[in-house]
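S.K.: Requesting a structural model of the entry that follows:
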Amino acid sequence: MPHDRVLLARIGAPHGVRGEVRLFIFAADPAALQDYAPLTDEAGTRTFRIKTLRPAKEHFVARLDGVDSREAAEALTNQGVYVARDLLPEPDEEDDFYQADLIGLSAQTTDGAPFGKVVAVHDFGAGDILEIAPEAGGKGGAKTVMLPFTKAVVPSVDLKAGRLTVDPGEWVREEAPPPEADQG
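M.R.: Residues are numbered from 1 along each chain as shown. Coordinates of the predicted model:
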């Protein structure tokens, strides 16, 4: 069920006036980004080659082949940088996954009931979060549910079977209004 390409980086705002860009790299080894080719945009229509890469405070600064002006760098702002999935090594550990491998998995509760489908994986700085589209639209019209991707909430992932098990517990429990709210 893996997707054919994996997002490895996102191009940020230009850095300076000579075409360099800020690059936010999601790979465990940022330097390895230069080893993968071809790197493409989200549509797969444009290829990127990193000429130089250096660390900065909270990102990297890259010079991309063919990007020689600030205007050319600005045109790439927020562009994803992808690599073919089959060029990446398989995860070393049983509990390691590429985010792209998790998207599309069906989710079931620990008692086997259908829960939904993984539509995205986010990292807002405190760890990975699974975004799941609930079965039948969810309670209260919720379009998606966010669950922390921890062993306690997601006890098992079976990529071959195309599913993961969730124990949503308190994360999705609908809070009932206090009894006094019904009074006058």
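S.K.: check which helix or strand covers residue 44.
M.R.: Using DSSP states H and E, residue 44 maps to neither a helix nor a strand.
S.K.: Show the contacting residues for it.
M.R.: 5, 82 (C-beta atoms under 8 Å, 6 or more residues apart in numbering). Heads up, the C-betas are built off the backbone N, CA and C, glycines and all.
S.K.: mind listing the helices for the protein?
M.R.: Along the chain, counting by DSSP state H, helices occupy 70-74, 99-102.
S.K.: Compare those and say which comes out lowest on pLDDT.
M.R.: Ranked by mean pLDDT, the helices of the chain bottom out at helix 99-102, which scores a mean of 87.
S.K.: Which strands and helices lie in contact with that one?
M.R.: strand 5-15, strand 114-123 (3 or more C-beta pairs under 8 Å, 6 or more residues apart in numbering; DSSP states H and E).
S.K.: what's the last one packed up against?
M.R.: Judged by 3+ C-beta pairs under 8 Å, 6+ apart, the packing partners of strand 114-123 are helix 99-102, strand 106-109, strand 128-134.
S.K.: I'd like the ones you listed laid out as a markdown table, including distance to residue 93 and mean neighbour count.
M.R.: Converted to a markdown table, the helices and strands packed on strand 114-123 look like this (distance: least, C-beta to C-beta, whole Å; neighbours: other C-beta atoms under 10 Å):
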| stretch | distance to residue 93 | mean neighbour count |
| --- | --- | --- |
| helix 99-102 | 14 | 19 |
| strand 106-109 | 22 | 18 |
| strand 128-134 | 15 | 19 |
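S.K.: could you pull out the strands for this protein?
M.R.: Along the chain, counting by DSSP state E, strands occupy 5-15, 20-25, 39-40, 47-48, 50-55, 60-64, 80-84, 106-109, 114-123, 128-134, 145-148, 156-158, 163-166.
S.K.: in its sheet, what does the last one sit against?
M.R.: Just to be clear, that refers to strand 163-166. Strand 163-166 sits in its sheet next to strand 106-109 (parallel), strand 156-158 (antiparallel), going by DSSP bridges.
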